[in-house]
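K.L.:
Only the shape, not the letters, is given here:
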């Protein structure tokens, strides 16, 4: 249990402050991060778009490639796509379970990846979001080695954010920041609540 | 391993499509969700702001109360605060380890909570984000019972998003959608990379 008296609180926050300052002093390196949001829970794409808002709030330039959700109407695209320093490319024929043709999926993935490579290699962006790229890799729509080669050769200060379930081990290996989103409770599964405007799309 | 031949792919995607359609048909309920993003990993706040972007993309009205990060410059505030249908309130004197006075923290938490209650009870918002409220509850800066009473009595269609480490069990109990963000790899800890513009703030 938490101690709530004034003195122990003071000691605790002082210790924390000292520890935090020490860690901050040690962490001095700046670099473009390869960030992976994976797992079966919510928040992989939404956290990527939350970072996108930070980037845009700083006046930095953002690129987004949506690999799978291209055929769905997403409000992120309406909102971010209208902003001057954000380039938003959507690919894909909806979620994978809407497509029934593997060759078409591979061709779509390739088009998305070409757009992603252009953004990454241009040196004009501070962050590139590759939404659902893990899903593309899981279905083997793109060769993993080719993708990893481009991601690891990215410009030194470019942040790349990759989202999707089932991130390949080799991607986690080369990534700097990896978070697993774990479902604890889900209303869709447990209460029969449908996907809702503003939450899911 | 994934089977990659055309036929098994077709069978698999057909099965998925059927399963997905069945689940969608069953999920018919619409309601305002109580959403909790917790855990020690990245993405709790960023996922909340990603949902905020969705809400704003739909032209819905958004309210945000930041409980802990008020004293820090956050680009989310610059970006979202400038948008017409978003009201952004920041409270708090920085992260807890920057404050050394429990009474002052409690007073600040109370001011933030008053602002949150006004937003929740007004009926004028489609989503209210209560950033770092879990942290406030963990430190017992606000009575848990009082907070839960307001959250559970929210307007029927209002989505409330609560973020922060160590969500109390009683909050998880009444929530609709709970996700734990788990750190798999962190550059700050493992590589000595410092918090960077566009990623962490």
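P.N.:
Thanks, I have the structure now. Note that this is a predicted model, so its numbers are computed, not measured. Residues are numbered from 1 along each chain as shown, chains lettered A, B, ... in the order given.

K.L.:
can you give me the helices in chain A?
P.N.:
A:6-26, A:44-57, A:75-81, A:102-122, A:133-138, A:144-152, A:169-174, A:187-190 (DSSP state H).

K.L.:
State the pLDDT value of the residue lying closest to residue A:195 once chain neighbours are set aside.
P.N.:
Leaving out its chain neighbours, the residue that sits closest to residue A:195 by CB to CB, 6 or more residues apart in numbering or on different chains is residue A:201, at 6.3 Å. Heads up, the C-betas are built off the backbone N, CA and C, glycines and all. With respect to pLDDT, residue A:201 scores 75.

K.L.:
Kindly report the same for residue A:143.
P.N.:
For residue A:143, the predicted pLDDT is 97.

K.L.:
same question, the one 4 residues further on
P.N.:
Residue A:147 is assigned a predicted lDDT (pLDDT) of 98.

K.L.:
which residues does the nearest residue to it once chain neighbours are set aside contact?
P.N.:
Spatial nearest neighbour of residue A:147, chain neighbours left out: residue A:137 (6.5 Å); criterion: CB to CB, 6+ apart. Applying CB atoms under 8 Å, 6 or more residues apart in numbering or on different chains, we find residue A:137 in contact with A:144, A:147, A:164, A:167-168, A:171.

K.L.:
Among the residues you listed, which one sits closest to residue B:127?
P.N.:
Nearest to residue B:127 out of these is residue A:164 (CB to CB; 24.7 Å).

K.L.:
which ones are touching the closest residue to residue A:180 other than its chain neighbours?
P.N.:
Spatial nearest neighbour of residue A:180, chain neighbours left out: residue A:39 (3.8 Å); criterion: CB to CB, 6+ apart. Applying CB under 8 Å, 6+ apart, one finds that residue A:39 lies in contact with A:165, A:179-182, B:182.

K.L.:
Greatest separation within the residues you listed: which pair is it?
P.N.:
Longest span within those, CB to CB: A:165 and B:182, 14.2 Å.

K.L.:
can you list the weak-confidence ranges in chain A?
P.N.:
Scanning chain A with the threshold set as pLDDT under 70 gives A:1-10, A:12-28, A:69-74, A:92-99, A:188-189.

K.L.:
do that again at 80, thanks
P.N.:
A:1-29, A:69-82, A:84, A:92-100, A:187-195, A:198-201 (pLDDT under 80).

K.L.:
before we move on, back to that, could I get the contacts of residue A:39 as TSV with distance to residue B:128 and neighbour count?
P.N.:
Formatted as TSV, the contacts of residue A:39 follow (distance: CB to CB, whole Å; neighbours: other CB atoms under 10 Å in any protein chain shown):
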residue	distance to residue B:128	neighbour count
A:165	29	15
A:179	24	28
A:180	27	22
A:181	22	27
A:182	24	17
B:182	26	17
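
K.L.:
Which of those residues sits closest to residue B:196?
P.N.:
Of all those, residue B:196 sits closest to residue A:179, with 15.8 Å by CB to CB.

K.L.:
Point out the most buried one among the helices of chain A.
P.N.:
Most buried of the helices of chain A, by mean neighbour count (mean count of other CB atoms under 10 Å in any protein chain shown): helix A:44-57, with a mean of 26.

K.L.:
Tell me what angle that helix forms with helix B:44-57.
P.N.:
Interaxial angle of helix A:44-57 relative to helix B:44-57 (axes from the mean of the first three to the mean of the last three CA atoms, to 10 degrees): 80 degrees.

K.L.:
can you pull the contacts of residue A:56?
P.N.:
Counting by CB under 8 Å, 6+ apart, residue A:56 has contacts A:62, A:80, A:83, A:85-86, B:75, B:79.

K.L.:
Correction: the previous question concerned residue A:197.
P.N.:
Taking CB under 8 Å, 6+ apart, one finds A:75, B:54, B:58, B:60 in contact with residue A:197.

K.L.:
hang on, the earlier thing: mind pulling up the phi and psi values for the residue nearest to residue A:180?
P.N.:
phi 100, psi 170 (degrees, to the nearest 10).

K.L.:
any idea how far it is from residue B:180?
P.N.:
As judged by CB to CB, to the nearest Å, residue A:39 and residue B:180 stand 9 Å apart.

K.L.:
Please apply the same query to residue A:90.
P.N.:
29 Å.

K.L.:
Show me what residue A:180 is bridged to.
P.N.:
Bridge pairing for residue A:180 (DSSP bridges) gives the partners residue A:38, residue B:182.
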